[in-house]
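**Student:** Kindly generate the corresponding structure for this input.
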Amino acid sequence: MTIKELQKEESKYTDKEIEISGWIRNHRPQKEFGFIDFSDGTSFKHLQVVYTKDLNDFEKIVKLHNGSSIKVIGDYVKSEGSGQAYELKAKTIELLGDCPEDYPLQPKKHSMEFLRSIAYLRPRANTFQAVFRVRSVAAYAIHKYFQDRNYIYVHTPLLTTADCEGSDQMFKVTTLDFDNLPKKDGKVDFSRDLFNKKTFITGSGQLHGETFALAFSKIYTFGPTFRTENSNTKTHANEFWMIEPEIAFADINDLMDLEEDFLKYIVKYVLENCPDEIEFFDKFVENGLKEKLEKVINSSFVRIDHKDVIDLLKNSGEKWEFTPDYDDDIAKEHERWLTNHFNGPVFVKNWPKDIKAYYMKLNPDGKTVAGVDLEVPGAGELIGGSQREENLDVLLARMEEMGADRSTIEWYLNLRRYGGCIHSGFGMGFERLIMYLTGIENIRDVIPYPRTPGSCEF
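**Tutor:** Have a look, this model is predicted:
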């Protein structure tokens, strides 16, 4: 029996004897009875276990420590006290695994920094029980969304020779002996390496995903990606998960339709399937979170060109820390103002070509590309995507402009030679989505074991 099963059909098990195993979250022993706040991890809501001195081993039970695992046999009954509708009146309580009195996760308020230092225990804390349940449900919703719409799920490689962004922010992989590196013409001789060439851990599944999109029409990837960016902000990590769909025969407008429908679906699914967790976050993490998420579902996303955004920012009357510029990205303060101004999510499209990747479709003006970022209230940029450049000559020229190395991606270029077509895709950081859904401010607190500069613990 599990707590989730009990809560799902309470009347079915009322006044019935059940057996259940889990952990003591909090123990309040009294002189003649005691209460155990009991959790088995299957539900955000816990189960209250009540025992009395009538039990044969009462003297042992009152000494059970927080964190210990136990098996309880008892009657599932309507509670006589406040705070819960049902409780378990224990007949026997068996200790399965003891816990010392100095157990780090005591029932009191702990800082997020402390909980990161015991990341192997923090899934037992209420906040992280809620975070990782939402993460699980959101992951399922993502797969369900694409599968129900006949997308093919593609497992793109984690090891690659292709630098998707051309930004040299990828981890290098080698089997060479660092203390005795083979050299040729003064440089490391990668022909002696396992793959006979310089190899990376992927920073994106996009390029490989495009090859499948031009065979299956609609595909998506969902897996871990890695970047070497030495950034210590609350929104950056060196290992994170990405959702990356690619769609053939779709332009930038089709892409925005997909992004809006996709995000609304995920938000709605989480609201419907994690009501207790959302209520918890709304009360203890981000006041107004539920209203924010419900508003997204019911709003129409604004679509506006980058140039028009800069016009709005310049004419806003605001004093900016970073001056808006037609040739530059927009800053966090601009993103906040923009979503507040339109009172909802905003698509910023048609960006200056010099600040975007080489694979984005060059617009007829020759100055902008058909890229689009989705800005959402409270989180800023959540999704980045573009129509891909399908014209080989234009793509080659853009690569030369951007200094991108074509030597390792001839196969990618061949997509434009062998039955190419208009196609588009986006990337969304999964952790950014979880932060948005939960109100948690730091990416380190929505991934089980965060990998950030100077920190690769556990």
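
**Student:** Which strands or helices does the helix or strand hosting Phe240 pack on?
**Tutor:** Assigned by DSSP states H and E, Phe240 falls within strand 239-248. Packing contacts for strand 239-248, counted by 3 or more Cβ pairs under 8 Å, 6 or more residues apart in numbering; DSSP states H and E, involve helix 206-216, strand 218-226, helix 252-273, strand 423-429, helix 430-438. The way it works is simple: take the backbone N, C-alpha and C, and place the C-beta from them, glycine included.

**Student:** pLDDT value on Ala404, please?
**Tutor:** Turning to Ala404, the model gives it a pLDDT of 88.

**Student:** these two touch, right, it and Leu395?
**Tutor:** No - between Ala404 and Leu395 there is no contact under Cβ atoms under 8 Å: 9.7 Å.

**Student:** Neighbour count: these two, which is higher?
**Tutor:** Leu395 (24 against 20; other Cβ atoms under 10 Å).

**Student:** Wait, that one touches Tyr358, no?
**Tutor:** Yes - the pair formed by Leu395 and Tyr358 meets the contact definition of Cβ under 8 Å, at 7.1 Å.

**Student:** Overlap in contacts, those two.
**Tutor:** Taking Cβ atoms under 8 Å, 6 or more residues apart in numbering as the contact rule, Leu395 and Tyr358 both touch Glu389.

**Student:** Just the strands from the stretch 251-400 of the chain, written as ranges.
**Tutor:** Per DSSP state E, counting those that start in this stretch, the stretch 251-400 of the chain carries strands over the ranges 302-305, 346-352, 368-376, 380-387.

**Student:** mind putting those in JSON lines, mean pLDDT and distance to Val62 included?
**Tutor:** JSON lines is the format used below for these (pLDDT from 0 to 100; distance: least, Cβ to Cβ, whole Å):
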{"stretch": "strand 302-305", "mean pLDDT": "98", "distance to Val62": "61"}
{"stretch": "strand 346-352", "mean pLDDT": "98", "distance to Val62": "58"}
{"stretch": "strand 368-376", "mean pLDDT": "97", "distance to Val62": "51"}
{"stretch": "strand 380-387", "mean pLDDT": "95", "distance to Val62": "50"}
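
**Student:** give me the number of residues near the residue lying closest to Met402 once chain neighbours are set aside?
**Tutor:** Nearest non-adjacent residue to Met402, counting by Cβ to Cβ, 6 or more residues apart in numbering: Tyr358, 4.4 Å away. Using other Cβ under 10 Å, Tyr358 has 22 neighbouring residues.

**Student:** ok, Tyr358 - contacts?
**Tutor:** With contacts defined as Cβ under 8 Å, 6+ apart, Tyr358 is in contact with Gly166, Glu389, Leu395, Arg398, Met399, Glu401, Met402, Ala404.

**Student:** What is the most widely separated pair among those residues?
**Tutor:** Gly166 and Glu389 (13.5 Å; Cβ to Cβ).

**Student:** Tell me which of these two has more neighbours.
**Tutor:** Neighbour count, other Cβ under 10 Å: between Gly166 and Glu389, Glu389 has more, with 25 against 16.

**Student:** Identify the residues contacting stretch 371-384?
**Tutor:** Residues contacting stretch 371-384 (Cβ under 8 Å, 6+ apart): 252, 255-256, 259, 263, 286, 292, 295-296, 301, 332, 335-336, 338-340, 344-351, 356-357, 360, 385-386, 426-428, 432-433, 435-436, 439.

**Student:** In helices only, show me the contacts of Tyr358.
**Tutor:** Judged by DSSP state H, these include Leu395, Arg398, Met399, Glu401, Met402 as members of helices.

**Student:** how near is the third one to Arg227?
**Tutor:** Using Cβ to Cβ, to the nearest Å, Met399 is found at 21 Å from Arg227.

**Student:** Check the last one too.
**Tutor:** Applying Cβ to Cβ, one obtains 18 Å for the distance of Met402 from Arg227.

**Student:** More neighbours: which of those two?
**Tutor:** Remark: of Met402 and Arg227, Arg227 carries more neighbours, 20 against 16, as counted by other Cβ under 10 Å.

**Student:** if you skip the residues just before and after it, what's nearest to that one?
**Tutor:** Gln169 (4.8 Å).

**Student:** which residues sit in contact with the one you found?
**Tutor:** Counting by Cβ under 8 Å, 6+ apart, Gln169 has contacts Gly203, Arg227, Thr228, Glu229.

**Student:** try Asp168
**Tutor:** Residues near Asp168 by Cβ under 8 Å, 6+ apart: none.

**Student:** Let's see that with 10 Å instead.
**Tutor:** Phe200, Gly203, Thr228, Asp405 (Cβ atoms under 10 Å, 6 or more residues apart in numbering).

**Student:** Among these, which one lies nearest to Asp177?
**Tutor:** Nearest to Asp177 among these: Phe200, at 19.4 Å, using Cβ to Cβ.

**Student:** In which helix or strand does the closest one reside?
**Tutor:** Using DSSP H and E, Phe200 sits in strand 199-201.

**Student:** Pull out the CA atoms of stretch 141-148 and give them to me as CSV.
**Tutor:** Taking Å, rounded to 0.1, in the frame of the first residue of the first chain, the C-alpha atoms of stretch 141-148 are listed here in CSV:
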residue,chain,number,x,y,z
ALA,A,141,3.8,16.1,-20.3
ILE,A,142,6.5,17.0,-22.8
HIS,A,143,6.7,13.5,-24.2
LYS,A,144,2.9,13.2,-24.2
TYR,A,145,2.5,16.5,-26.1
PHE,A,146,4.9,15.5,-28.9
GLN,A,147,3.9,11.8,-29.0
ASP,A,148,0.2,12.6,-29.2
